[in-house]
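Q: Take this sequence and fold it.
(2 chains)
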Amino acid sequence: EAQVTQNPRYLITVTGKKLTVTCSQNMNHEYMSWYRQDPGLGLRQIYYSMNVEVTDKGDVPEGYKVSRKEKRNFPLILESPSPNQTSLYFCASSSTQGRGTEAFFGQGTRLTVV
Amino acid sequence: GQSLEQPSEVTAVEGAIVQINCTYQTSGFYGLSWYQQHDGGAPTFLSYNALDGLEETGRFSSFLSRSDSYGYLLLQELQMKDSASYFCAVSAGGGGGNKLTFGTGTQLKVEL
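A: I've put the predicted structure just below:
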């Protein structure tokens, strides 16, 4: 089954404690991205990656890091989380073969930073 | 940068037709997509328009006018399960057309 898998689904952490949210896709997609979703603000892109070892900032990259060492994985790293990073996070992937192809989203990670 | 506007909330009755509008401002426009998201769930793809005109997929249709920077999603024969948030998204700018910028979403409530 084609899917994007995020872990964990829920996470409560304390300010300053480094964390990683994993994302893996099994569709051999080149393009992967991370979004955060906050009430009234829609989905805002944090980082994206066009392929292995190619990453770039999205619209709200501050406080986040990513890496793309393998095509299937695109982890999101919060080196020093702060309460304003409390949000619902989604990973997504899509093929670059043809623009506007469907983006597949993971089930989301609800992060609370206290 | 990109910006999109869509209504925050729309209410309609079961069996009716509803139209959700989206206007956008962007550079390097490739196309307009629509996504559906139920409460607590992941967004799921509904449609994509790169050219002017209407695209129909079952009960859902999507329209684009590139000259007006405008599009809409049309939902026919509304069902209770259509109650969800609907997002328009432009493909533009970086990422070779894969970069999606989303609107703030329209919450559709379908009533009996």
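Q: Quick one: name whatever helix or strand follows the helix or strand bottoming out on mean pLDDT in chain B.
A: Across the helices and strands of chain B, mean confidence by mean pLDDT, DSSP states H and E is lowest for strand B:100-102: a mean of 90. Per DSSP states H and E, the first helix or strand lying C-terminal to strand B:100-102 is strand B:106-111.
Q: ok, that following strand near chain A or not?
A: No. Among the residues of strand B:106-111, none lie within reach of chain A under C-beta under 8 Å from any C-beta of the partner chain; the closest is 10.2 Å away. (C-beta placed from N, C-alpha, C; glycine too.)
Q: who's in contact with the residue nearest the centre of chain A?
A: Centroid-nearest residue in chain A, with C-alpha atoms, centre = their mean: residue A:34, separated by 2.8 Å. Neighbouring residues of residue A:34 by C-beta atoms under 8 Å, 6 or more residues apart in numbering or on different chains: A:23, A:45-48, A:58, A:64, A:66, A:74, A:76, A:89-92.
Q: list the helices and strands the least confident helix or strand of chain B packs on?
A: With contacts taken as 3 or more C-beta pairs under 8 Å, 6 or more residues apart in numbering or on different chains; DSSP states H and E, strand B:100-102 sits against strand A:42-51, strand B:84-92.
Q: So in that sheet, which strands flank it, and in what orientation?
A: Applying DSSP bridges, strand B:100-102 is found paired with strand B:84-92 (antiparallel).
Q: distance between the partner strand and the chain's centre?
A: Chain-centre distance of strand B:84-92: 5 Å, with C-alpha atoms, centre = their mean, to the nearest Å.
Q: quick one: average pLDDT of it?
A: Across strand B:84-92, the average pLDDT comes to 93.
Q: again with stretch B:8-21
A: Here the average pLDDT along stretch B:8-21 is 97.
Q: nearest to residue B:56, of the helices and strands packed on strand B:100-102?
A: Across these, residue B:56 has its closest neighbour in strand B:84-92 (16.5 Å, C-beta to C-beta).
Q: Alpha carbons of that closest one, in PDB - could you do that?
A: What follows is strand B:84-92, C-alpha atoms only, in PDB (Å, rounded to 0.1, in the frame of the first residue of the first chain):
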ATOM      1  CA  ALA B  84     -14.600  18.700   6.200                       C
ATOM      2  CA  SER B  85     -12.100  21.500   5.500                       C
ATOM      3  CA  TYR B  86     -11.200  22.200   1.900                       C
ATOM      4  CA  PHE B  87      -7.900  23.800   1.000                       C
ATOM      5  CA  CYS B  88      -6.900  25.400  -2.300                       C
ATOM      6  CA  ALA B  89      -3.200  25.300  -3.000                       C
ATOM      7  CA  VAL B  90      -1.000  26.800  -5.700                       C
ATOM      8  CA  SER B  91       1.900  25.100  -7.300                       C
ATOM      9  CA  ALA B  92       4.400  27.800  -7.800                       C
END
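Q: Perfect, that will be all.
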